Structures are given as C-alpha cells and as structure tokens.
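>>> how does the following fold in three dimensions:
(one chain, ligands or ions: 1)
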Amino acid sequence: MAKYIHGYIPEEQERLLDQAGVLAPLIYPWIDFSDCKHVLEIGSGVGAQSHILLSLYPEIELSCVEIEKKQVKKARENLRQFIDRKIHFLNQDASKLELKKEVDGVFICWVLEHLDDPASVLTKAFENMSIDGTVFVTEVFNSSFQFYPKLPSLQKYYQVYNQFQRDLGGDPDVGLRLGNLLKEAGFLDIELQGGGFHLDQTQPEELRKIATYWKGLMKSGSEAIIEAGLISRGEVLQMEQDLDQIASHPEGVLYYQFIQAKAKKQ
Ligand SMILES: C[S@@+](CC[C@H](N)C(=O)[O-])C[C@H]1O[C@@H](n2cnc3c(N)ncnc32)[C@H](O)[C@@H]1O
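Numbers count the residues shown, from 1 in each chain. Alright, predicted model coming up:
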C-alpha cells in the first residue's frame, strides 16, 4: 500500500468532514443509489461521505470498509445518530476485501489516488457485487488545476505536493484512468464525466470558500512534505497567502476538474 499523504491526525479527520460538506453539491447530483439495498463504501475514512449517503438514502444498508483503525473509530462516533440503521464497519484493506454477502452498490470517493494498485480494489469491488450492481467512483485529476494570477509559491507547492504523492506510490491524476481501470476490473456500461469548479469574481463568495477549502487540502500534506525536506514552513505560509490573494484579487480564478465514473457489473 502507498503511504497515505494526509495522515490521521484529528485536524485531518475534521478536514474530511468539512471537505465532504463543501464538495457535496458538486459530487452527488450524478450519483444515484435509489435502486440499491446494500451499498459498500470503500475507503470510508471518518464517515463523512457515509453520513451523506445515509441521509440521501434512508432505506439502504451501508457497509464501510476502511484500512485505518483510527478512522473506523472516528466514523463510528460521527455516525452515531444513525444508530437505528444497518451499518457495518469493516477494518479491512479493500484490495483484499472479503464481505459476508454481496452488495448491489459501491461508492468510492477520493481513495484510489492513494493506492499503488487501484485496479486491485476495483477488482475486489467487482467480485463482491451482485450481478445487478452499480459502482460510482469520484477521483482526483490534479493536473487540471489552474489559477490566476500565476502566483509562484502556490505554483511551487502544488508541484511539490503532487510529486510527493507520486513518490509515495499514489497517483494524483488517477481520475483520468478510471475508465480503463474499471474496464480492466471487468465492469461494463462505463460512463465518465468531469465535475468541479471554475470560479472567479463573478462568484466572489464561492471563490473565497473554495480558496479556503483548497488551503486546507494543501496543508493536509504539509507536515509530511516538510519532514521529507521538500518544502519549508515559510513556503507553506506563502502558499496559503497566495490562495488568499487569489480570493481577493480582481482577476482571481480557481479552476479544477475531478472525474466521476459509473459502471455496471452486467
Ligand atoms: C482521503 S480519505 C477519503 C475518505 C472518504 N472517502 C471521504 O471522502 O471522506 C481516503 C481514505 O481511504 C483509506 N484507505 C486507503 N487505502 C485503503 C485501502 N487499501 N483499503 C481501505 N481503505 C483505504 C484511508 O485510510 C483514508 O481514510
């Protein structure tokens, strides 16, 4: 398994909850588990997306698979309001997934980028799905990120951040590969679409909100990157200042595309 760039400190666990809330309006319009009875969430983290899934689909049974014990513990806390629902927390490596019964829906969001062998997780998802099962995947395509003005500290930090993830064995552009990875795992009827944001001063509040979110995302990798000697604390601060500047600059722009995929088992 590739080393996890974000780590598992409490601030990062909080960030995942915040991230799910900020990005939900961009992610969920394309996702539909309304015909599903039992959904599997792979890489469920602290239950941030699970919370949304349980709220959107009040009838589903949900199985959450997560490799890190600390995340499972936090997810149990974060989902305690759903105590009456059928939720199963499985502390497993999804590339070796073993379920007691098949699921008819699979949800994966911001997970495959962290894996050195994302195909193995999709293959396990395929094996554990019923014949009528559907998978929805949402993943990063970090090379799509654009900003204006081209401030140098953000530019440098972003390049170092993505290279660091590659060095750890992950793939910050894994979204581009989703169609081929799903095909390799045996899935059919594969559909792809881009989602994301193109924000400027025509939507100043959204621009500021996403600039703040992006600062948190970038900082979530900073301790590990500093420890590796690739960036200094001062440079992290400058990267944050660049994002603040973009949010208030009369010509400020933030642009990003993630990739979503939908596929069927048969
Ligand atoms: C960026 S977090 C996203 C969590 C959640 N999907 C969300 O959007 O809030 C990625 C999660 O995948 C988990 N993960 C990474 N590799 C895994 C694996 N092989 N099996 C199961 N979980 C894994 C990490 O521990 C982490 O909690």
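
>>> state the phi and psi torsions of the one residue sitting closest to the centre of the chain.
Geometric centre of the chain, nearest residue: Trp110, 1.8 Å, by CA atoms, centre = their mean. Main-chain torsions, Trp110, degrees, to the nearest 10: phi 60, psi 50.

>>> which ones are touching it?
Contact analysis of Trp110 by CB atoms under 8 Å, 6 or more residues apart in numbering lists Gln19, Gly43, Thr138, Glu139, Val140. Every residue, glycine included, has its C-beta placed from N, CA and C.

>>> where do the helices sit along the stretch 151-266 of the chain?
152-167, 178-185, 204-219, 222-227, 233-248 (DSSP state H, counting those that start in this stretch).

>>> quick one: which of those helices is nearest Lys96?
With respect to Lys96, and counting by CB to CB, the nearest of the helices of the stretch 151-266 of the chain is helix 178-185 at 14.8 Å.

>>> and that closest one, what other elements does it pack with?
Counting contacts by 3 or more CB pairs under 8 Å, 6 or more residues apart in numbering; DSSP states H and E, helix 178-185 is packed against helix 118-127, strand 129-139, strand 188-199, strand 253-264.

>>> my guess is Phe164 contacts Ile226, does it?
No - judged on CB atoms under 8 Å, Phe164 makes no contact with Ile226 at a distance of 10.5 Å.

>>> and these two? Which one has more around it.
Phe164 (20 against 14; other CB atoms under 10 Å).

>>> residues contacting the more buried one?
Phe164 makes contacts with Ile5, Gly221, Ala224, Ile225, Ala228, Leu230, as judged by CB under 8 Å, 6+ apart.

>>> quick one: it and Ile108, what's the gap?
23 Å (CB to CB, to the nearest Å).

>>> ok so, going back, among the helices of the stretch 151-266 of the chain, which comes closest to Gln81?
Among the helices of the stretch 151-266 of the chain, helix 204-219 sits nearest to Gln81 (CB to CB), with 24.4 Å.

>>> that closest one and the ligand in contact?
No - under the criterion of CB under 6 Å from any ligand atom, the ligand is not reached by helix 204-219; the shortest gap measures 9.7 Å.

>>> quick one: that helix to helix 233-248, angle?
Orientation of helix 204-219 against helix 233-248 (axes from the mean of the first three to the mean of the last three CA atoms, to 10 degrees) gives an angle of 160 degrees.

>>> my guess is Gln147 meets Tyr256, correct?
For the record, residue 147 is Phe, not Gln. No - contact criterion CB under 8 Å: Phe147 and Tyr256 do not qualify, at 9.1 Å.

>>> residues of stretch 187-196 that come out buried?
For stretch 187-196, the neighbour count (16 or more other CB atoms under 10 Å) marks Phe187, Ile190, Gly195, Gly196 as buried.

>>> before we move on, back to that, buried subset of the contacts of Phe164?
Neighbour-count burial (16+ other CB under 10 Å) applied to the contacts of Phe164 gives Ile5, Gly221, Ala224, Ile225.
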